[in-house]
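[1] missing the sequence, but the structure's below:
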């Protein structure tokens, strides 16, 4: 009799079932790894809760399915990693976060709210995505239940769905904006991803002041900060990777100010159509190695200040205007004339001139 230790399911089509009425193979009681991420489940196979040796579980659940066995998650006492790609409100996550060995948790945005955070300290938990937080809160989360988390994703929502249960409190519009001061309690946090709903109001810059100094990687998406607020981020002393996506910052000019990013090695700027002018000096990015610019259609030229940063090795341009590409090529040629040929330029899908003109007048 053969027993499986790992099982990854890749169906030929969404209606395909490998083992009769179940996607789980027979003789699988000793499974440690189960991944069904590429097949949408219309129900949760009851056999899963009997796989007591599971360390890793990844599932994709359809909109129509409903978790009916939340109370049985406690059987999976060895589970360390869980990935649930599911619609909002399809299950209750608090039973999962309270599991004794759980280390890495990935939920779809909107599935996990701040009230689902563990009430008791879960010292093993190292990764948590995505935690939903509303714009306004009467009492902010302190994150003391997850003191050792190293990677955290926060998704800001417009309205708190739980607030309607507390009718005696202040009206929603009078509550203070969230400040996220509890993040300062996360002394092990190294990787933070912070994003907001598409129609969410502009984020208050005081949120940036709550980012802990131990951060090494920071990703911001749709936060709509002002470029002047970058002076707050560059005070993070250990930041090595900064990714700015989808209007993380807004405005036509980014002028580097402040003390600079003393440890930053990788900078990514993606989907920032309002950015036109960018100026830097060598002191602001003293050890930068790689720059990625994706869809910055109005950016006029590459900052000449990067010419004094001798650690720069790679510039990536994707969906950028031809004039920006030309300025980077000129920059690269100047380096070669000085005997420095280590700088690599990669360009993809340069925007045609008519697209650039439309962007300028949009």
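    Alright, I've got the coordinates. What you see is a predicted model, and the numbers here were worked out from it, not measured in a lab. Numbering: from 1, shown residues only.
[2] what's near enough to touch the closest residue to residue 241 other than its chain neighbours?
    Among residues not flanking residue 241 along the chain, residue 217 sits closest, at 4.2 Å (Cβ to Cβ, 6 or more residues apart in numbering). For glycine as for every other residue, the C-beta is placed from the backbone atoms N, C-alpha and C. The neighbours of residue 217, taking Cβ atoms under 8 Å, 6 or more residues apart in numbering as the test, are 190, 191, 192, 239, 240, 241, 242, 243.
[3] adding pLDDT, write those residues out as TSV.
    Below are the contacts of residue 217 laid out as TSV (pLDDT from 0 to 100):
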residue	pLDDT
190	98
191	98
192	98
239	97
240	98
241	98
242	98
243	98
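[4] closest to residue 301 out of those?
    Using Cβ to Cβ, residue 242 comes nearest to residue 301 of the contacts of residue 217, at 21.2 Å.
[5] so what's that closest one bridging to?
    With DSSP bridges applied, residue 242 shows beta-bridge pairing to residue 218, residue 267.
[6] hang on, it packs against residue 233?
    Yes: at 7.2 Å, residue 242 counts as touching residue 233 under the criterion of Cβ atoms under 8 Å.
[7] overlap in contacts of those two?
    Common neighbours of residue 242 and residue 233 (Cβ under 8 Å, 6+ apart) are residue 218.
[8] circling back: quick one: which of the contacts of residue 217 is nearest residue 130?
    Checking the contacts of residue 217 against residue 130 by Cβ to Cβ gives residue 192 as the nearest, at 11.8 Å.
[9] now what about the strand or helix carrying that closest one, what contacts it?
    For residue 192, the element it lies in under DSSP states H and E is strand 191-196. Residues outside strand 191-196 that contact it (Cβ under 8 Å, 6+ apart): 129-130, 150-156, 183, 203, 207, 211, 215-224, 245.
[10] those in strands, which ones?
    Among the contacts of strand 191-196, the subset assigned to strands under DSSP state E consists of 129-130, 151-156, 217-221, 245.
[11] out of these, which one has the lowest pLDDT?
    pLDDT is lowest at residue 156 among the ones in strands among the contacts of strand 191-196; the value there is 87.
[12] leaving out sequence neighbours, find the closest residue to it.
    Per Cβ to Cβ, 6+ apart, closest to residue 156 is residue 196, 3.9 Å.
[13] chain center to stretch 335-344, what's the gap?
    Relative to its parent chain, stretch 335-344 has a centroid offset of 35 Å by Cα atoms, centre = their mean, to the nearest Å.
[14] quick one: the helices in this structure, in order.
    Along the chain, counting by DSSP state H, helices occupy 94-97, 230-233, 322-337, 353-361.
[15] dead centre of this structure: give me the residue that sits there.
    By Cα atoms, centre = their mean, the chain has its centre lying nearest to residue 193, at 3.7 Å.
[16] quick one: pLDDT of that one?
    Residue 193 carries a pLDDT value of 97.
[17] pick out the shakiest of the helices of the chain, pLDDT-wise.
    helix 353-361 (a mean of 56).
[18] and stretch 306-314, how far apart are its ends?
    12 Å (Cα to Cα, to the nearest Å).
[19] what's in contact with that stretch?
    Under the criterion Cβ under 8 Å, 6+ apart, residues 280-282, 285-291, 331, 334-335, 340, 342-346 lie in contact with stretch 306-314.
[20] excluding its backbone neighbours, what's nearest residue 198?
    residue 222 (6.4 Å).
[21] could you measure from that neighbour over to residue 245?
    8 Å (Cβ to Cβ, to the nearest Å).
[22] same thing with residue 305?
    Noted for residue 305: a distance of 23 Å to residue 245, by Cβ to Cβ.
[23] how about residue 195?
    Residue 195 is 8 Å from residue 245, where distance means Cβ to Cβ.
[24] same thing with residue 108?
    18 Å.
[25] ditto for residue 321
    In terms of Cβ to Cβ, residue 321 sits 19 Å off from residue 245.
[26] looking at those two, which one has more neighbours?
    Neighbour count, other Cβ atoms under 10 Å: between residue 321 and residue 245, residue 321 has more, with 25 against 18.
[27] bridged to the more buried one, which residues?
    Counting by DSSP bridges, the residues bridging with residue 321 are residue 351.
[28] please report how far it lies from residue 237.
    From residue 321 to residue 237 the distance is 35 Å (Cβ to Cβ).
[29] same check, this time on residue 303
    From residue 303 over to residue 237 the distance is 23 Å, taken as Cβ to Cβ.
[30] before we move on, what about residue 202?
    Going from residue 202 to residue 237 by Cβ to Cβ gives 27 Å.
[31] one more: residue 181?
    Residue 181 sits 19 Å away from residue 237, going by Cβ to Cβ.
[32] so the two - more neighbours on which side?
    residue 181 (15 against 12).
[33] and residue 111, what pLDDT?
    Predicted confidence (pLDDT) for residue 111: 80.
[34] neighbours of it, just the number please.
    Neighbour tally, residue 111, other Cβ under 10 Å: 23.
[35] surely it touches residue 82?
    No: contact criterion Cβ under 8 Å: residue 111 and residue 82 do not qualify, at 11.7 Å.
[36] hang on, the earlier thing: quickly list what the residue nearest to the centre of the chain is bridged to.
    residue 153, residue 219.
[37] so, low pLDDT: which residues of the stretch 51-200 of the chain?
    Counting by pLDDT under 70, the ranges of the stretch 51-200 of the chain that qualify are 63-71, 87-94, 138, 159-175, 200.
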